[in-house]
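> Sequence isn't available, so here's the structure alone:
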């Protein structure tokens, strides 16, 4: 590589500007001509470095000349009129920016209020869900207690059946002795 390549960061540090400023100044077609990628870095060739330097140096020179013009008295009425037009256009531009930012602020306020409404709705739904879960738990406990009561009522009946179970055992023995020839397909027939 005979060319003296520099990264955008190195060039930006050399010129005293940010990488973003360099990226904003360089157009896409110029980027294709001057930049090459090496790994994760963009390298600028010598032609690109010279062009970018002139862009920023001419920008600094223009800035100095504008500040010098503001301190000098206008030489003619047309120059005074041009300065007034520039100031008026700058004021209009700043007013447009202020209007846009105010619109953004209003939009953000509106979205903030919508988020608070949604948050309140979600809290209400969560409260409802918790109340319903508590009610379900209480009902479940009531049903369990009712089932226990019914089981406790059935226990004495089972105890009385145990007393009667002795004769029933005898009757079941009698049934076993008698062969039963009843199959499901014989139910409709008479024997």
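It's in. As the structure is a prediction and not an experimental result, all values here were calculated from the model. Numbering: from 1, shown residues only.
> Can you report how many residues lie near residue 56?
Around residue 56 there are 18 other residues, counting by other Cβ atoms under 10 Å. Backbone N, C-alpha and C define where each C-beta goes, glycine included.
> That one: which element?
Under the criterion of DSSP states H and E, residue 56 resides in helix 46-71.
> now swap in residue 42 and tell me
strand 41-44.
> cool, and residue 91?
Per DSSP H and E: residue 91 is located in helix 77-177.
> picking up where we left off before, can you give me the buried ones in the strand holding residue 42?
42-44 (16 or more other Cβ atoms under 10 Å).
> between the residues you listed, which is nearest residue 96?
residue 42 (34.1 Å; Cβ to Cβ).
> From residue 21, how far out is the closest one?
To residue 21, residue 42 is 15 Å away according to Cβ to Cβ, to the nearest Å.
> Please apply the same query to residue 15.
When residue 15 is compared with residue 21 (using Cβ to Cβ), they lie 8 Å apart.
> Now do the shared contacts for the two.
Common contacts of residue 15 and residue 21 (Cβ atoms under 8 Å, 6 or more residues apart in numbering): residue 56.
> about what we covered before: now for the strand holding residue 42, which elements pack on it?
If contacts are counted by 3 or more Cβ pairs under 8 Å, 6 or more residues apart in numbering; DSSP states H and E, strand 41-44 sits against strand 6-7, helix 8-15, strand 35-38.
> Pairing partners for that strand, with directions?
According to DSSP bridges, strand 41-44 has the following sheet partners: strand 6-7 (antiparallel), strand 35-38 (antiparallel).
> Now tell me what touches the shortest one from outside.
Read it as strand 6-7. Residues outside strand 6-7 that contact it (Cβ under 8 Å, 6+ apart): 14, 41-44, 49.
> ok, of the residues you listed, which one's closest to residue 26?
Using Cβ to Cβ, the contacts of strand 6-7 come closest to residue 26 at residue 44, 8.9 Å.
> isn't that closest one right up against residue 35?
Yes: with contact defined as Cβ atoms under 8 Å, residue 44 counts as touching residue 35 (5.9 Å).
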